[in-house]
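Enquirer: coords please:
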Amino acid sequence: MAAHRLPAARWAWITALLDPSRVGPVGAQDKCVEVLVVVQDPAEYRAAIDAWRRTATVVQELPPWVALAEPRHEVPDVPGTRWYTGIVPPDVLLRLSPAARLFIAAWRDRQVAKERPGQGLPWDAPGHLPPDRPAGRDG
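Expert: Sure thing, here's the model as predicted:
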């Protein structure tokens, strides 16, 4: 069976995606994999998000203000929307509902690398214990 070879640019993107120390969205050549889309007029939410769907995969929504999208190529220029890969300006946040602000806060928290003691170590590494056995099971 012949091995498949990935183009260098694609391999770099996959390597970045798998890097556990990476903070924030993963990009390939300044192309972000996931962007936060903020709709400026909630009455136009459905039309704006449908326009994003033509060139991106919308992976999560909180109508009528925000959505997360993964552009297939370039980030689209959709009138009536703004998109972000990191910090959302305070003036934008203040216009949004509390639920939309919570959605954005959760998205930002997901971008931060987690600090977990013993991450990647075997269970019996010095200073660490394996998880407890289920009740009623011996040795």
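
Enquirer: the bottom helix or strand of the chain by mean pLDDT?
Expert: Ranked by mean pLDDT, DSSP states H and E, the helix or strand of the chain with the weakest confidence is strand 27-28, at a mean of 40.

Enquirer: so Tyr84 touches Val38, yeah?
Expert: Yes - using Cβ atoms under 8 Å, Tyr84 is in contact with Val38, at 7.1 Å. In short, each C-beta sits where N, CA and C put it, glycine included.

Enquirer: return the set of buried residues in the longest helix along the chain.
Expert: Determined from DSSP state H, the single longest helix within the chain is helix 98-111. Neighbour-count burial for helix 98-111, counted by 16 or more other Cβ atoms under 10 Å, picks out Ala100, Arg101, Phe103, Ile104, Trp107.

Enquirer: give me the neighbour count for Leu36.
Expert: 21 (other Cβ atoms under 10 Å).

Enquirer: again with Glu70
Expert: So Glu70, with other Cβ under 10 Å, has 13 neighbours.

Enquirer: check Glu74 too.
Expert: 10.

Enquirer: contacting residues for Asp77?
Expert: Not one residue lies near Asp77 by Cβ atoms under 8 Å, 6 or more residues apart in numbering.

Enquirer: tell me the secondary structure for it?
Expert: Recorded secondary structure, Asp77: coil (DSSP: H, G, I helix; E, B strand; the rest coil).

Enquirer: quick check: it vs Pro71, distance?
Expert: According to Cβ to Cβ, to the nearest Å, Asp77 and Pro71 sit 11 Å apart.

Enquirer: anything in contact with each of these two?
Expert: With Cβ under 8 Å, 6+ apart, Asp77 and Pro71 have no common neighbours.
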